[in-house]
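# sequence isn't available, so here's the structure alone:
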């Protein structure tokens, strides 16, 4: 073997190793995020609500079992074939912030708190979900200090998924 051939083989080996390690790193990150998502025991997101309806119709709509799609291991339900197609075309656009946990809780104290899928806000084309009961509506608290809470929630979510 001549010197050029050896250098070519070393380059291919280095490039393949780099690409493989980057792929493993990305998979690891996806798996790490997956374990922090707000899913039921069947890995269904948003309690079966249609993620597209929030952004396209500004409504919380329950999805239907005949319109399902699994994206990165998570099952999403849709209220129509049209919404399913929109999601498949651009899934990241419709994913809820903070893994589908309460945005207020993530911003206020960095905790994963369940949501009421009927309590939501679309801001800057992003879906935020909130905890809501008869006596507590965290969406109202979020709106009182939205910029600071959103900034804190972004920071806290990054800390959560890198633990």
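Structure received. In this text the structure is predicted, and so the values were computed from the model without any measurement. Residues are numbered from 1 along each chain as shown.

# mind jotting down where the helices sit in this structure?
Assigned by DSSP state H, the helices in the chain fall at 3-34, 51-57, 81-89, 91-94, 103-109, 138-144, 146-161.

# worst mean pLDDT among those helices?
Of all those, mean pLDDT reaches its minimum on helix 3-34 (a mean of 41).

# stretch 69-77: how far from the chain's middle?
Distance of stretch 69-77 from the chain centroid (Cα atoms, centre = their mean, to the nearest Å) equals 11 Å.

# endpoints of it, how far apart?
7 Å (Cα to Cα, to the nearest Å).

# what residues of it count as buried?
For stretch 69-77, a neighbour-count test (16 or more other Cβ atoms under 10 Å) marks 69, 74, 75, 76, 77 as buried. For glycine as for every other residue, the C-beta is placed from the backbone atoms N, C-alpha and C.

# please apply the same query to stretch 103-122.
Buried, per 16+ other Cβ under 10 Å, within stretch 103-122: 103-108, 112-113, 115-117, 119-121.

# what of stretch 84-101?
For stretch 84-101, by 16+ other Cβ under 10 Å, it's 84, 86, 87, 91, 94, 95, 96, 97, 98, 99, 100, 101.

# between those residues, which sits nearest residue 64?
Closest to residue 64 out of the buried residues of stretch 84-101 is residue 84 (9.7 Å), distances taken as Cβ to Cβ.

# wait, isn't the closest one in contact with residue 66?
No: look at residue 84 against residue 66 with Cβ atoms under 8 Å: they stay out of range, at 9.4 Å.

# what separation is there between the closest residue to residue 99 other than its chain neighbours and residue 132?
Excluding the flanking residues, the one nearest residue 99 by Cβ to Cβ, 6 or more residues apart in numbering is residue 37, at 4.3 Å. To residue 132, residue 37 is 20 Å away according to Cβ to Cβ, to the nearest Å.
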